[in-house]
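Q: pasting the structure only:
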């Protein structure tokens, strides 16, 4: 199992009250977390694309953000989690151009994650004549197979569909290195996992909440990926899942840090905006908030495998549970409500004591897929 982090530009109102430049500081700190993760042996960093989501995510131009990180890092792969390729959100040709450019700037380290968006508040703002997020599936399905065609050598023959069209043109630049970047899809339901598998896409499991969720994820995905007809040059057989992580020198310190991080507020914002995610029982409707997380609640979340938290040995055992359940990549959402130094400590301790004991392959899984595809 490989490891990564994801960043989203979280700027809660409480931080803004204390710091008029909170937005800038949050974005630069999160860029710094990716640089530190690169130094500590993490293999992937994923940057979200969100629009209009006050407090929850101010990271709207992730292509610019990842372009900066391509220069600031050396080994870590940089992923769009996601680029939204719906034609009226981002024109597919421009998405293809940006992805290929990032592949050049990073030296072949770009990971191409796409999706339809997780909430109507942001996506339907671009589609005022569309009543439901359900309509975005057809838009995405029409588009996804065109990216590898645009990236192949020579002239793109053009496209004419229901939602967008383009006459024959040469789309530039072409990706750098072997084949093209690995293709991923942000999936949230069993049918979405199976659909991604059939198309040969890796899945970004942002909606996976705990280890026990992995059973249906693995069943939905792995049984379908064996019969994949990939839209790209290779099958990206990969299930990525996410979990919040806090690691400290002692268990007590980790729990106290997690309890002080305002995790209840971030979780409340998630379900304020992501109305396509299944709403677990007990999650209130915005603006009502979840109760603040006490140390007792943190301990319960750890016991229920909803939070990775503890000293390095505990975190190692918790991560192995995800590996045993079938995750190919475990990505940590860093609770950015905690002090900057505590987050840097989490990255350092996991990089020193967890990553090398689980991920023993020096080569990225997707790099192997790209190289194999180029040799065929």
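A: Structure's in. What do you need? What you see is a predicted model, and the numbers here were worked out from it, not measured in a lab. Numbers count the residues shown, from 1 in each chain.

Q: just the helices in the stretch 201-350 of the chain please.
A: Taking DSSP state H, counting those that start in this stretch to define them, one finds helices in the stretch 201-350 of the chain at 214-225, 251-259, 263-273, 295-303, 312-325, 340-353.

Q: give me the contacts around the first one.
A: Helix 214-225 is contacted by residues 190-191, 193-194, 196-198, 200, 203, 205, 208, 235, 237, 239, 241, 322, 325-327 when judged by CB atoms under 8 Å, 6 or more residues apart in numbering. (Each C-beta comes from the backbone N, C-alpha and C, glycine too.)

Q: repeat that for the second one.
A: By CB under 8 Å, 6+ apart, the list of residues contacting helix 251-259 from outside reads 246-248, 293-295, 297-299, 302, 307, 309-311, 314, 335, 338-339, 342.

Q: mind redoing it with 7 Å?
A: Residues outside helix 251-259 that contact it (CB atoms under 7 Å, 6 or more residues apart in numbering) are 246-248, 293-295, 298-299, 307, 309-311, 314, 335, 338, 342.

Q: what do you get for the last one?
A: Here helix 340-353 makes contact (CB under 7 Å, 6+ apart) with 29, 33, 36-37, 40-42, 245-248, 257, 312, 315-316, 334, 336.

Q: what angle sits between that helix and helix 312-325?
A: Between the axis of helix 340-353 and that of helix 312-325 there is an angle of 60 degrees, by axes from the mean of the first three to the mean of the last three CA atoms, to 10 degrees.

Q: would you mark the buried spots in the next helix-or-strand element following helix 340-353?
A: The C-terminal neighbour of helix 340-353 among helices and strands, as given by DSSP states H and E, is helix 355-358. Neighbour counts over helix 355-358 (16 or more other CB atoms under 10 Å) mark residue 355 as buried.

Q: chain center to helix 355-358, what's the gap?
A: Mean C-alpha position of helix 355-358 versus that of the full chain (CA atoms, centre = their mean, to the nearest Å) differs by 21 Å.

Q: buried subset of the contacts of helix 251-259 as a ChimeraX selection?
A: Per 16+ other CB under 10 Å, the buried members of the contacts of helix 251-259 correspond to this ChimeraX selection:
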select :246,247,248,293,298,299,307,309,310,311,314,335,338,342
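
Q: and residue 144, how close does it get to residue 161?
A: To residue 161, residue 144 is 12 Å away according to CB to CB, to the nearest Å.

Q: apologies, that question was intended for residue 246.
A: 46 Å.

Q: likewise for residue 34?
A: From residue 34 over to residue 161 (counting by CB to CB), the distance is 36 Å.

Q: neighbour count winner among those two?
A: Applying other CB atoms under 10 Å to residue 34 and residue 161 shows that residue 34 carries more neighbours, namely 27 against 15.

Q: biggest helix in the protein, by residue count?
A: Among all segments of the chain classified by DSSP state H, the helix with the greatest residue count is helix 22-39.

Q: and the average pLDDT for it is what?
A: Per-residue pLDDT values across helix 22-39 average out to 97.

Q: and the most centrally placed residue in the chain, what does it touch?
A: Relative to the mean C-alpha position of the chain, the nearest C-alpha, by CA atoms, centre = their mean, is the one of residue 81, at 3.9 Å. The contact partners of residue 81, by CB under 7 Å, 6+ apart, come to 6, 46, 47, 48, 113, 204.

Q: try residue 210
A: For residue 210, the residues meeting the contact criterion (CB under 7 Å, 6+ apart) are 304, 305, 306.

Q: gap between the nearest residue to the first one once chain neighbours are set aside and residue 308?
A: Pointing back at residue 304 there. The spatially closest residue to residue 304, leaving aside those adjacent along the chain, is residue 210, at 6.4 Å (CB to CB, 6 or more residues apart in numbering). The span separating residue 210 from residue 308 equals 10 Å under the rule CB to CB.

Q: which residues sit in contact with the closest residue to residue 302 other than its chain neighbours?
A: Here the nearest residue to residue 302 in space, its sequence neighbours aside, is residue 309; by CB to CB, 6+ apart that works out to 5.2 Å. Shown here is residue 309, whose contacts under the criterion CB under 7 Å, 6+ apart are 246, 254, 255, 258, 298, 302.

Q: rewinding a little: nearest to residue 17 among the helices of the stretch 201-350 of the chain would be which one?
A: Distances from residue 17 to each of the helices of the stretch 201-350 of the chain were compared using CB to CB; the minimum, 13.1 Å, belongs to helix 263-273.

Q: give me the residues contacting the closest one.
A: By CB under 7 Å, 6+ apart, the list of residues contacting helix 263-273 from outside reads 10, 12, 53, 55-56, 119, 121, 244, 277, 279, 283, 286, 289-293, 335, 337.

Q: between helix 295-303 and that helix, find me the angle.
A: Computed by the same axes, to 10 degrees, the angle between helix 263-273 and helix 295-303 is 60 degrees.

Q: how about the strands in the stretch 151-300 of the chain?
A: 159-160, 165-166, 183-186, 202-205, 239-247 (DSSP state E, counting those that start in this stretch).

Q: if I look at the residue nearest to residue 302, how far off is residue 299?
A: 9 Å.

Q: pLDDT value on residue 329, please?
A: At residue 329 the predicted local distance difference test score is 98.

Q: give the contact list for the residue nearest to residue 117 when sequence neighbours are not counted.
A: Counting by CB to CB, 6+ apart, the nearest residue to residue 117 once its immediate chain neighbours are dropped is residue 123, at 3.8 Å. Contacts for residue 123 (CB under 7 Å, 6+ apart) come out as 89, 117, 133, 136.

Q: just checking, which of these belong to strands?
A: Assigned to strands by DSSP state E, none of the contacts of residue 123 qualify.

Q: many thanks, have a good one.
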